[in-house]
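Novice: got a predicted model here, sequence first, then my questions.
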Amino acid sequence: MSFLSKLTTREIVDLITYRKGSVLEISMNTAYFKATHIVYFGGRKIFDMGIDSQTVTWTPKEFIAFYSQAYWSVDQVIS
């Protein structure tokens, strides 16, 4: 069960950058599917591991632009 839900991508980036060093399990929710991501902020880049186990690095602006229409839930704080 998610403890934070229906967050915009900008809100997720704010949370990730505020909790620098924390690893979060987040889920992107649409009407059709749920995609889980493991994310953390390394100081300049967001590291995003998706369900395919591929890690993508983003600047916060890139992450916001790419997922501009997404809504997220925080499933757990891993560390």
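Specialist: Structure's in. What do you need?

Novice: give me the below-cutoff pLDDT ranges for this protein.
Specialist: By pLDDT under 70, the weakly predicted segments of the chain are 1-4.

Novice: quick check: buried residues in the top helix by length along it?
Specialist: The residue-count maximum for a helix in the chain (DSSP state H) belongs to helix 9-18. Using 16 or more other C-beta atoms under 10 Å as the burial criterion, the residues of helix 9-18 that qualify are Thr9, Ile12, Val13, Leu15, Ile16. All C-beta atoms are positioned from the backbone trio N, CA, C, and that covers glycine.

Novice: packing partners of the following helix or strand past it?
Specialist: Next along the chain after helix 9-18, taking DSSP states H and E as the criterion, comes strand 24-29. Using 3 or more C-beta pairs under 8 Å, 6 or more residues apart in numbering; DSSP states H and E as the contact test, the elements touching strand 24-29 are helix 9-18, strand 34-41, strand 71-77.

Novice: let's have these in CSV, adding distance to Glu25.
Specialist: Below are these laid out as CSV (distance: least, C-beta to C-beta, whole Å):
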stretch, distance to Glu25
helix 9-18, 12
strand 34-41, 6
strand 71-77, 4
